[in-house]
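A.B. asks: fold the following and give me the result.
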Amino acid sequence: MPILLDLSGFSSFPERVVSLVPSMSESLFDLGMGAHLVGVTDYCIHPSQVLDLPKVGGTKNTRVDQVLQLSPDLVIANQEENSRICVEELAQTLNVWLTFPKTVRQALDDLWQLVYLFRQERAFASLRTLETAVEYAENRLFDLQPVPVFVPIWQDQTPSGVHWWMTFNRDTYCHDLIRLMGGNNVFAERKRRYPLDADLGFAAEIADEGVDTRYPHVTVEEVLEAQPELILLPDEPYLFQDEDVQEIFRLLEKTPAVKHNKVYGIEGSLLTWHGTRLGKALVELTQYFD
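C.D. replies: Residues are numbered from 1 along each chain as shown. As a prediction, this is how the structure comes out:
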C-alpha cells in the first residue's frame, strides 16, 4: 500500500479510520465524520468523544500491531508529528495519508480533501464557514500594521548557563497563522544551524543536507535585537511556569513587549493544531494583536 499524497485514490469513503494526528482527530468529529474513527493516539484529547476510542500509543511511539488489529481502511499521519519508521511500517499493509501543512491554506486544503472524500453536507457547510473566516482575516490584514512578535516554544540553558529559546521560522504552519493574525514573526528568516553550539553562535556550522532547519534556537541577545512588541507563550510543547515568565521579564526587559506588559500565555493547540481548531484560533488569538 502507498503513502498517499492525496485522497483521490479512494473510490468510496473509508469506513474505518485511525488517526495518529490529534488535530485531525478533532477535525473529523467537528466535520461530522467522527463515527468512522476506530483508533487514536494518547494525545488525541479533543473533543470529549475521542477519549472513549481505542488508543494506539503516542504520536512518536505508535504501537503498529494495535493499529493493524483495528483493520483501518485509512490511517491519517503527519510527517512532523509521527515517527517515520512507524509510518513506513504501517504503509506496507495499509493506506496511510501523510499530511504536512506548512501554511493555513495547506491546512484548509487537507480539510477539503476529507470533505470531498466523505461527502457529507454538514462538512461542506462547516468548512465553507471556516474558509469565509480565513478570507475575512486575510482581508483585514490590509488595514493592519504587522505587530513584531516572538513565540518561544521551548527553552533551556547550555552547560555554561547560556539561556536559549526554540522558536519557528516562516516555513511552518505556526508562522503563517501568526501572519494571518496580524503578526510579523521576528525570526521568520532565521534558520536552525547544527550542532546546537553553531545555532547559538558559539561554533562553526556543520553542513548536513536534509536536516530540519525550521526551528532555530535563539539567544537573549537575538531577541533583544529583534525588539518584539508582543511575546506569546504557548502551553505546549513546553509549559512555561511562573518562574519562566519571571525570567523572560528579567532577561528581555529592554524589549517593547516587556516594557508594555505584552507577554501572554496562550493555549498552545490554537497555534500548533492545524485543522478545524483554526476557527477557534481566529477568534481567540486576534485579541493579542489588536
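A.B. asks: all the helices of this protein, residue numbers only.
C.D. replies: For the chain, helices defined by DSSP state H occupy the ranges 22-30, 64-69, 84-91, 104-118, 121-140, 173-181, 196-199, 220-226, 242-251, 256-259, 268-272, 277-284.
A.B. asks: identify whichever of the ones you listed lies nearest to Leu51.
C.D. replies: helix 22-30 (10.5 Å; CB to CB). The way it works is simple: take the backbone N, C-alpha and C, and place the C-beta from them, glycine included.
A.B. asks: who are the packing partners of the closest one?
C.D. replies: strand 17-19, strand 37-40, helix 104-118, helix 268-272, helix 277-284 (3 or more CB pairs under 8 Å, 6 or more residues apart in numbering; DSSP states H and E).
A.B. asks: ranking those by burial, who's on top?
C.D. replies: strand 17-19 (a mean of 29; mean count of other CB atoms under 10 Å).
A.B. asks: I figured Ala203 hits Tyr194, correct?
C.D. replies: No. In this structure Ala203 lies outside contact range of Tyr194 using CB atoms under 8 Å: 9.9 Å.
A.B. asks: need the contact list for the residue nearest to Gly34 when sequence neighbours are not counted.
C.D. replies: Of all residues not flanking Gly34 in the chain, Leu28 sits nearest, at 5.2 Å (CB to CB, 6 or more residues apart in numbering). Leu28 makes contact with Val17, Ser19, Gly34, His36, Leu37, Leu114, according to CB atoms under 8 Å, 6 or more residues apart in numbering.
A.B. asks: contacting residues around the first one?
C.D. replies: Taking CB under 8 Å, 6+ apart as the contact definition, Val17 lies against Leu28, Met33, His36, Leu37, Val38, Pro72, Asp73, Leu74, Val75, Ile76.
A.B. asks: go again with 10 Å.
C.D. replies: 24-25, 28, 33-40, 70, 72-76, 95, 97, 114, 117-118 (CB atoms under 10 Å, 6 or more residues apart in numbering).
A.B. asks: please name the bridge partners of it.
C.D. replies: Leu37, Leu74 (DSSP bridges).
A.B. asks: how much space separates it from Leu114?
C.D. replies: 10 Å (CB to CB, to the nearest Å).
A.B. asks: what's the answer for the fourth one, then?
C.D. replies: Using CB to CB, His36 is found at 10 Å from Leu114.
A.B. asks: now the common contact residues for these two.
C.D. replies: By CB under 10 Å, 6+ apart, the residues touching both His36 and Leu114 are Phe13, Val17, Leu28, Leu74.
A.B. asks: just give me the least confident of those.
C.D. replies: Ranked by pLDDT, the shared contacts of His36 and Leu114 bottom out at Phe13 (88).
A.B. asks: what's around that residue, how many residues?
C.D. replies: Residue crowding around Phe13 was assessed by other CB atoms under 10 Å; the count is 17.
A.B. asks: now do the contacts for it.
C.D. replies: Leu7, Met33, His36, Asp73, Leu74, Leu114, Tyr116, Leu117, Phe118, Arg119, Gln120.
A.B. asks: what do you get for Val211?
C.D. replies: When contacts are counted by CB under 10 Å, 6+ apart, Val211 touches Arg192, Arg193, Tyr194.
A.B. asks: again, but for Gln287
C.D. replies: Met181, Tyr264.
A.B. asks: pLDDT at it, what is it?
C.D. replies: 94.
A.B. asks: go on, Gln157?
C.D. replies: 95.
A.B. asks: for Trp165, see how far away it is.
C.D. replies: From Gln157 to Trp165 the distance is 10 Å (CB to CB).
A.B. asks: neighbour-wise, which of the two wins?
C.D. replies: Legend: neighbour count by other CB under 10 Å for Gln157 and Trp165, higher for Trp165 (26 against 9).
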